[in-house]
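K.L.:
Whatever this is, show me its structure:
(2 chains)
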Amino acid sequence: MIDPVDRIPSERGHEAAPPLSPHLKRDAPLVPIDSAAGRSLMAVIAILTFLAALCAGGAALVANASTQWRSSIAREVTIQIRPSAGRDGDALVAQAAEIARMSPGVAGVEPYTREQSARLLEPWIGSGAGLLDLPIPRIVAVTLAEDARADTEALRRRIVAEVPGATLDDHALWLRRLSSMANTVVGVGIGLVLLVLLATGLAVAFATRGAMAGNKEIVDVLHLVGGDDAFIAREFQIRFLRLGLKGGALGCAAALAFIALAGLAAGSLRASPAGDQIEALFGAFDMGLGDYVLILLVGLVVAAVTAVVSRVTVRRYLADLR
Amino acid sequence: MKAFDETDDPYGPPVVHFENVGVRYGMGPEVLRDVTFSIEPRSFQFLTGPSGAGKTTLLRLMLMSVRATRGLVTLFGREVSRIGGDELTRVRRRMGVVFQDFRLLDHLTVYENVALPLRVQGRLEDSYRGEVVELLRWVGLGERMHALPPVLSGGEKQRAAIARALIVRPELLLADEPTGNVDPNLARRLLRLFIELNRLGTSVVIATHDLSLMDQVEARRLVLAEGHLLIDD
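P.N.:
Residues are numbered from 1 along each chain as shown, chains lettered A, B, ... in the order given. Next comes the predicted model:
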C-alpha cells in the first residue's frame, strides 16, 4: 500500500500549492554565453565589422565626392584658341565669348585675358620665363546652367566653324576617367566588405564548431531529454546572434567614431595643401543620413551572417552526430 | 507471425523488445551477447548484475544513444534501425531517464534543469512552473530550486535528476543506479515514487546492484552476467 504522501504531486488532488517564489529564475540560455571563447569571438566580429563599415563608409564618401566632381566638371566647358601669326587673339576670344553667350543653356562666360592665360602656365614653366612674349593659347571658360540642357555639340560646331584655331573641350575624357576611377574605388570597397563578411562567416563557423564540441555534454543532454535538432540549433543561433549583434554594434560605433574624428581632422587641415588633397579624394567628409544607415546596415548584416552561419553549422554538426 | 502492434495484450505491444541483440565497441569483444527480452507496458523490473556487466550499455541501447551491432531492437512497436530524425525525438519524449552521473547542466538552476524536458518541447514557462515547483518540493528540493548543481550534494543531484525524468510522466522510465547516492530512508522513498509512477502506467526499469533495494519489491529481475541476460520472474 502506498502512502498518499508518496504519491506524485499532481495525483494528490487539488490541494492548494504553496506560493511560488517571485524570484524564480527562468529561461536562462541553455548554452552558456559568457565564456572566454564567446568574448573573443565578439571581439573578432567587432573588428571585422569595424573594417567592413570603414570600407563601406569610405566607398560611400568616394562615391559622394565623385558625384560632386562630375557635376561641377560636367557644368563647365572650355573654349581654347590656338595662337597663330596674323590673328588678333583678343578679337577671337571676344568672338568666341559672344557665340557662347548666345547659345542656349549657358549661364556664364568668362574670357581669360592674356595675363590670366599666362598665369595658368606658371606652375609648369615658372614665373620668370617671359610668358607674355610667347604665343600661348587663349581660354574662354563657359559655365552651363544647372536647370537647362545645353547643346554643347552645336556650340562646338559653331565655334570650330566661325572662330579660326578654336576647339571646345567638354571634359568628357576627364569625366570618363573620374567615373572609372570612382567606380573602381567603390567596387573595391564593396569587394572588401564582401570579403570581410566572408571572413566573419568563416570565423563564426569555426567558433560554432568549437562551441558545439565544447558543449557536447549539453547537446547530448538536450537530445536525451527530447530536444530536437531545430530546438538545439535555435539555442546556438540565439547565442551567436547576441554575440553578432554586440560585436556588430561595437564595430559600427567604432567606425562611426573613426569617421567623425577623421572628418574633424580633415576639417582642421582644410586650408592646407594636404587638406585640399584629402578633400579632393574624399570630399568634405560629408556623410549623409544614407551613409550612416549604410554603416548600421553593415553591422546588422554581420549579425545576420553570424546567426545564419551558426545555425547552418549547428545543423550540419548535429546531422554528423547522427 | 504477429507484428508487435497486433498483440493480444490489452496494454498493447511491448514497450521494449530485444531479440538476439549483440553490442561491441569498435573492434573489442561483445559487451552484450544474444540478449532477448521484452518490457511490457505498465511493468516494473530491476536490471542488475556486477559492475561492468553491461547494464549501462543496455540502458543506452533503449535510449538509442548506442546502436546494436546485431539483432533486433524495437521501441514502442517501432524497429530502432528505422527510427530517425523527428521520430527519434518523439520516441525519446516518451521516455524519462535518470543517469548514473546525473548529467545535470551546471549553468542552469535546479528548477531549470527539472523543467528542461518541458522547455525543449516548446512549452511556455507559465504552463509548467507550478508543476515543476511542486515536484521539486515533493522530492525535498523546494529550498534548493535556485541552486546550481555544482553546490548540491550527491543526494540532491540524484533527486534533481529523478525529478527531471519524472516531470514529463514518461511511458518508460530508465533509471541507472537511482539510489546510489542517497541514504536508505530516501532510497526507500524514491523507490516508492517509482512504484507509484508504475501504478500510474509507466513501465519502469531500474538498473542497480543494491540487493537490499531489490528485496523491498516483488518485481522481475533482469540479470546481466558476462554479457548474457538471465530473467528471474
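
K.L.:
contacts and neighbour counts: CA atoms only from here.
P.N.:
Noted.

K.L.:
Now do the contacts for the residue nearest to the spatial centre of chain B.
P.N.:
For chain B, the residue nearest the mean C-alpha position is B:Leu174 (1.0 Å; CA atoms, centre = their mean). Residues near B:Leu174 by CA atoms under 8 Å, 6 or more residues apart in numbering or on different chains: B:Leu59, B:Met95, B:Gly96, B:Val97, B:Val98, B:Val204, B:Val205, B:Ile206, B:Ala207.

K.L.:
cool, and B:Leu222?
P.N.:
B:Gln45, B:Phe46, B:Leu47, B:Thr48, B:Leu229, B:Leu230, B:Ile231, B:Asp232.

K.L.:
now B:Gly140
P.N.:
For B:Gly140, counting by CA under 8 Å, 6+ apart, the contacting residues are B:Arg159.

K.L.:
Show the contacting residues for A:Val109.
P.N.:
Shown in contact with A:Val109 (CA under 8 Å, 6+ apart): A:Ala97, A:Ala100, A:Arg101, A:Val140, A:Ala141, A:Val142, A:Thr143.

K.L.:
what pairs with it across the strands?
P.N.:
A:Val142 (DSSP bridges).

K.L.:
Can you tell me how far it is from A:Ser103?
P.N.:
11 Å (CA to CA, to the nearest Å).

K.L.:
Quick one: low-confidence residue ranges for chain A.
P.N.:
A:1-27, A:33-34, A:127-132, A:147-149, A:270-271, A:275-286, A:322 (pLDDT under 70).

K.L.:
Outline the domain layout of it.
P.N.:
A:36-70+A:175-321, A:83-164 (automatic domain parsing).

K.L.:
Highest average neighbour count across those domains: which stretch is it?
P.N.:
A comparison of the domains of chain A by mean neighbour count, using mean count of other CA atoms under 10 Å in any protein chain shown, puts domain A:36-70+A:175-321 on top with a mean of 19.

K.L.:
and the contacts of B:Leu222, which of them are in strands?
P.N.:
B:Gln45, B:Phe46, B:Leu47, B:Thr48, B:Leu229, B:Leu230, B:Ile231, B:Asp232 (DSSP state E).

K.L.:
Counting neighbours, what do you get for the third one?
P.N.:
B:Leu47: 26 surrounding residues under other CA atoms under 10 Å in any protein chain shown.

K.L.:
Contacts for stretch B:207-219 next, please.
P.N.:
B:44-51, B:55-56, B:174-178, B:187-188, B:191, B:233.

K.L.:
Now with 10 Å, please.
P.N.:
B:43-51, B:55-56, B:58-59, B:98, B:100, B:174-180, B:184, B:187-188, B:191-192, B:195, B:206, B:220-223, B:232-233 (CA atoms under 10 Å, 6 or more residues apart in numbering or on different chains).

K.L.:
Mind giving me the ChimeraX command for buried ones among the residues you listed?
P.N.:
Applying 16 or more other CA atoms under 10 Å in any protein chain shown to the contacts of stretch B:207-219, the buried members can be selected in ChimeraX as follows:
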select /B:43,44,45,46,47,48,49,55,56,58,59,98,100,174,175,176,177,178,179,180,187,188,191,192,195,206,220,221,222,223
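
K.L.:
Which of the contacts of stretch B:207-219 fall in strands?
P.N.:
Short answer: the contacts of stretch B:207-219 in strands (DSSP E) are B:44-48, B:98, B:174-176, B:206, B:220-223, B:232.

K.L.:
so what's B:Arg220 bridging to?
P.N.:
B:Gln45.

K.L.:
pLDDT wise, what is it at?
P.N.:
Here, the pLDDT recorded for B:Arg220 equals 93.

K.L.:
check contacts around it.
P.N.:
B:Arg220 touches B:Ser43, B:Phe44, B:Gln45, B:Phe46, B:Leu47, B:Val205, B:Met214, B:Ile231, B:Asp232, B:Asp233, counting by CA under 10 Å, 6+ apart.

K.L.:
cool, B:Asp106 as well?
P.N.:
A:Pro32, A:Ile218, B:Asn113, B:Ala147, B:Leu148, B:Pro149, B:Pro150, B:Val151.

K.L.:
Mind checking which of the residues you listed are buried?
P.N.:
A:Pro32, A:Ile218, B:Asn113, B:Ala147, B:Leu148, B:Pro149.

K.L.:
ok, back up a step: okay if I get the ones in strands among the contacts of B:Leu222 as a markdown table plus pLDDT?
P.N.:
Converted to a markdown table, the ones in strands among the contacts of B:Leu222 look like this (pLDDT from 0 to 100):
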| residue | pLDDT |
| --- | --- |
| B:Gln45 | 95 |
| B:Phe46 | 95 |
| B:Leu47 | 94 |
| B:Thr48 | 93 |
| B:Leu229 | 91 |
| B:Leu230 | 89 |
| B:Ile231 | 87 |
| B:Asp232 | 78 |
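
K.L.:
Tell me where the model's unsure across chain B.
P.N.:
In chain B (pLDDT under 70), the answer is B:1-11.

K.L.:
where exactly do the strands run in it?
P.N.:
Using DSSP E, strands in chain B cover B:16-24, B:30-39, B:44-48, B:70-75, B:78-79, B:95-98, B:172-176, B:203-207, B:220-225, B:228-232.

K.L.:
coming back round to it: where helices are concerned, which of the buried ones among the contacts of B:Asp106 count?
P.N.:
Using DSSP state H, the subset of these located in helices is A:Ile218, B:Asn113.

K.L.:
Spatially, which two of the buried ones among the contacts of B:Asp106 are the most separated?
P.N.:
Between any two of the buried ones among the contacts of B:Asp106, the greatest separation by CA to CA is 18.3 Å, found for A:Ile218 and B:Ala147.

K.L.:
In the record's domain split, what are the boundaries for chain B?
P.N.:
Split by automatic domain parsing, chain B gives B:4-94+B:170-232, B:105-160.

K.L.:
What segments of chain A are helices?
P.N.:
In chain A, the helices defined using DSSP H lie at A:36-74, A:89-102, A:114-125, A:152-162, A:172-214, A:216-224, A:229-268, A:273-282, A:289-321.

K.L.:
The longest one and chain B in contact?
P.N.:
No - using CA under 10 Å from any CA of the partner chain, we find that helix A:172-214 stays clear of chain B, coming within 13.3 Å at best.

K.L.:
any idea how far A:Met181 lies from A:Ser84?
P.N.:
For A:Met181 relative to A:Ser84 (CA to CA), the value is 37 Å.

K.L.:
re the thing from before, what's the most distant pair in the ones in strands among the contacts of stretch B:207-219?
P.N.:
Taking CA to CA, no two of the ones in strands among the contacts of stretch B:207-219 sit farther apart than B:Val98 and B:Asp232, at 23.4 Å.

K.L.:
wait, B:Val31 sits on B:Glu226?
P.N.:
Yes - counting by CA atoms under 10 Å, B:Val31 does reach B:Glu226; the two are 7.5 Å apart.

K.L.:
nearest spatial neighbour of residue 60, skipping sequence neighbours?
P.N.:
Picking chain A for this. In space, not counting the residues next to it along the chain, A:Ala60 is nearest to A:Asp291; the distance is 6.4 Å by CA to CA, 6 or more residues apart in numbering or on different chains.

K.L.:
ah, I was thinking of chain B
P.N.:
Excluding the flanking residues, the one nearest B:Arg60 by CA to CA, 6+ apart is B:Val66, at 5.6 Å.

K.L.:
quick one, what contacts that neighbour?
P.N.:
Per CA under 10 Å, 6+ apart, neighbours of B:Val66: B:Val23, B:Tyr25, B:Thr57, B:Leu58, B:Leu59, B:Arg60.

K.L.:
beta partners of the first one?
P.N.:
Counting by DSSP bridges, B:Val23 forms beta bridges with B:Leu32.

K.L.:
wait, doesn't it sit right on B:Val73?
P.N.:
No - assessed by CA under 10 Å, B:Val23 is found out of contact with B:Val73, at 11.4 Å.
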